[in-house]
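> predicted model follows, preceded by the sequence.
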Amino acid sequence: MLVKFFSLTAASLLLLTPSGALASPKPVIEELLKANKTLGGQTVIYPEGTPEMRIYRITLAPGAKIPLHTHPSPVIVYVQKGTLTNVRIVDGQEVIDTIGAESGFLEGSPKEPHYVINNGNAPVVSIVTFASVEGMPNLIKVE
């Protein structure tokens, strides 16, 4: 009985020590994007209201376009696959930024109407997160 007690105690100590046989692997944490200004250098403003976070996976086929728009809340776009073209309208001129896979950008200024397009030959897959409020649209189309 005494041997059984010591065996259980020794087994318990092994499991509870950092080098124990059942120690779990440490998480890998990678910061994918950190931004405090939009592509055009604007600071975003968080809207008033009941906070609501939204996250989408958006796939744009080659040639697909999201028409000219603005965002009423901050938006983070992270491109997982492909190359996305973001076209901002500044003083009537197009300003083009190309965002490749594993990079992204911040949007969310009413002063920066823009559109995005896939000018490549392969689909673009993006993860898009909106820091919005209940009832607010994700984007406002610009005519």
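Happy to help now that I have it. Numbering: from 1, shown residues only.
> can you map out the helices along the protein?
For the chain, the helices defined by DSSP state H occupy 2-16.
> tell me, what residue is most central in it?
Centroid-nearest residue in the chain, with C-alpha atoms, centre = their mean: residue 78, separated by 4.5 Å.
> residue contacts, the nearest residue to that one once chain neighbours are set aside?
Leaving aside its sequence neighbours, residue 78 sits nearest to residue 104 (C-beta to C-beta, 6 or more residues apart in numbering; 3.9 Å). C-beta coordinates here come from the backbone N, C-alpha and C atoms, glycine included. Taking C-beta atoms under 8 Å, 6 or more residues apart in numbering, we find residue 104 in contact with 32-33, 35, 76-79, 126.
> go again with 7 Å.
32-33, 76-79 (C-beta atoms under 7 Å, 6 or more residues apart in numbering).
> need those in a markdown table with distance to residue 142 and pLDDT, can you?
What follows is the contacts of residue 104, written out as a markdown table (distance: C-beta to C-beta, whole Å; pLDDT from 0 to 100):
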| residue | distance to residue 142 | pLDDT |
| --- | --- | --- |
| 32 | 29 | 91 |
| 33 | 25 | 92 |
| 76 | 21 | 97 |
| 77 | 18 | 97 |
| 78 | 24 | 98 |
| 79 | 23 | 98 |
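> all good on my end, thank you.
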